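**Student:** How does the following fold in three dimensions:
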Amino acid sequence: MTRLAGRLGFRLLLAFLAGAPLGAHAHSTNYQVEQKGMAVRAFYSETDPAAYSQYELFGPGDQEPHQVGRTDKNGYLGFVPDRPGVWRLQVWGESSHGFHGVTTEITIDQTLGLEGFKKPLVATYTKFVTGISLIFGLFGAYALWVTRRNDARKPEKP
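**Tutor:** Predicted structure coming up:
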């Protein structure tokens, strides 16, 4: 009788284990890879990314950040917008030149795609400011050269 009870118990255990769901794990982490979202790259120059910089992202009308974190080693951060409107991104970075920060606005359209974004003024007008600076610098060097040349030609007074 004991042997029969042992076999019956073993069969009941096998039936229980066979009927248990295979995907039911108490502490598992699952993932899903989707091809959607926005990527933002923060950088100091083309060859100097704002690596591991802190950021906060605010959705339209948000008082609390929608997302906080750090950029990756290449200065990238990613997010998936859940509503259209103007999203505000603040990035703080520290380079060998000191502490830097920037705030920009990213406009998301009704299909949750990128409509546009605002660049900081310095990034928008860098070529213009550089051009004006070169013109003034060259004019200043020319004016200095002409002044010294004219001073050298004047006879000295006794």
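
**Student:** what's the following helix or strand after the helix-or-strand element of the chain with minimal mean pLDDT?
**Tutor:** In the chain, no helix or strand scores lower on mean pLDDT, DSSP states H and E than helix 121-124, which sits at a mean of 57. Following helix 121-124 in sequence order, the next helix or strand is helix 126-153 (DSSP states H and E).

**Student:** For that following helix, what does the pLDDT average out to?
**Tutor:** Averaged over helix 126-153, pLDDT sits at 79.

**Student:** Could you pull out the strands in the protein for me?
**Tutor:** With DSSP state E as the criterion, the chain has strands at 38-41, 43-45, 48-49, 54-58, 67-70, 76-79, 85-95, 98-108, 114-117.

**Student:** Next, the residue found closest to R70 once you drop the neighbours it is linked to in the chain: phi, psi?
**Tutor:** In space, and not counting its chain neighbours, R70 is closest to Y52: 5.0 Å by C-beta to C-beta, 6 or more residues apart in numbering. The C-beta positions use only the backbone N, C-alpha and C, and glycine is treated the same way. Phi and psi for Y52, reported as degrees, to the nearest 10, are phi 60, psi 30.

**Student:** Make sure Y52 is actually in contact with N74.
**Tutor:** No: Y52 is not in contact with N74 according to C-beta atoms under 8 Å; the separation is 10.1 Å.

**Student:** what's the burial count for V91?
**Tutor:** 22 (other C-beta atoms under 10 Å).

**Student:** pretty sure it is touching S53, no?
**Tutor:** Yes: between V91 and S53 there is a contact under C-beta under 8 Å: 5.5 Å.

**Student:** Next, count neighbours for F136.
**Tutor:** For F136, the count of nearby residues is 10 (other C-beta under 10 Å).

**Student:** Quick check: it vs W145, distance?
**Tutor:** 15 Å (C-beta to C-beta, to the nearest Å).
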